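# I need the structure of the sequence given here:
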Amino acid sequence: MKIIELNLTDCKTPFDLHERIRMAFRFPTTYGKNWSAFWDLLWSECDADKVIIRGEHTLTSEFDEYLIKLHEILERNITFRSENNLNPFSYEIID
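This next block holds a predicted model:
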């Protein structure tokens with residue numbers, strides 16, 4: 001099982017959040033740092049079976065909408081993989 005750990009502890013800006021995504025998922029430096037780019041690379045380039053998210057509780061309320069969108073896209077990937085008979089995918093939020 002391939003697991004990606006996304007550590008969001010003390011992210012300060014949305015740019016920082018997307019940079020952490022880029023690094024955790026090993027997306028290219030050309031990653032557009034937006035939700036469309038995240039979805040495009042998640043379904044086309046990511047072969048992880050699970051994503052573990054750490055540090056959400058350390059983020060300010062300014063990040064609420066970003067976390068909602070992150071979760072929505074990860075849920076979308078669960079559905080996408082299931083509907084296309086691909087390897088199962090899941091995510092877990094820890095601390």
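
# helix, strand or coil: sort out the residue nearest to Leu17 when sequence neighbours are not counted for me.
Leaving aside its sequence neighbours, Leu17 sits nearest to Cys11 (Cβ to Cβ, 6 or more residues apart in numbering; 4.8 Å). No exception for glycine: its C-beta is placed from N, CA and C like everyone else's. Secondary structure state of Cys11, per DSSP: H, G, I helix; E, B strand; the rest coil, is coil.

# need the contact list for Cys11.
By Cβ atoms under 8 Å, 6 or more residues apart in numbering, the contact set of Cys11 is Leu17, Arg20, Gly55, Thr58, Leu59, Phe63.

# hang on, the third one packs against Thr9?
Yes. Applying Cβ atoms under 8 Å as the test, Gly55 and Thr9 come out as touching, 3.2 Å apart.

# which of these two has more residues huddled nearby?
Regarding Gly55 and Thr9, a neighbour count based on other Cβ atoms under 10 Å identifies Gly55 as having more, with 16 against 12.

# what does the pLDDT read for the more buried one?
Note on Gly55: pLDDT of 97.

# likewise for Asp95?
pLDDT, read off for Asp95, is 78.

# now do Glu62
95.

# pretty sure it sits in a helix.
Yes. Counting by three-state DSSP, Glu62 is part of a helix.

# how many neighbours does it have?
11.

# now do the residue nearest to Leu17 against Lys69, distance only.
14 Å (Cβ to Cβ, to the nearest Å).

# next one: Thr79
From Thr79 to Lys69 the distance is 16 Å (Cβ to Cβ).

# so the two - more neighbours on which side?
Taking neighbours as other Cβ under 10 Å, Thr79 and Lys69 compare with Lys69 leading, 13 against 10.

# touching, that one and Asn34? I think so.
No. Lys69 lies out of contact with Asn34 (Cβ under 8 Å); the separation is 10.0 Å.

# restrict stretch 46-58 to CA atoms and write it as CSV.
What follows is stretch 46-58, C-alpha atoms only, in CSV (Å, rounded to 0.1, in the frame of the first residue of the first chain):
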residue,chain,number,x,y,z
CYS,A,46,-1.1,9.9,-8.2
ASP,A,47,-0.8,6.2,-7.5
ALA,A,48,-1.2,6.4,-3.7
ASP,A,49,-3.8,4.2,-2.1
LYS,A,50,-4.2,6.4,1.0
VAL,A,51,-3.5,10.0,2.1
ILE,A,52,-3.0,10.8,5.7
ILE,A,53,-3.6,14.4,6.6
ARG,A,54,-2.0,15.8,9.7
GLY,A,55,-2.2,19.2,11.4
GLU,A,56,-5.6,20.4,10.2
HIS,A,57,-6.4,21.5,13.8
THR,A,58,-3.4,23.9,13.7
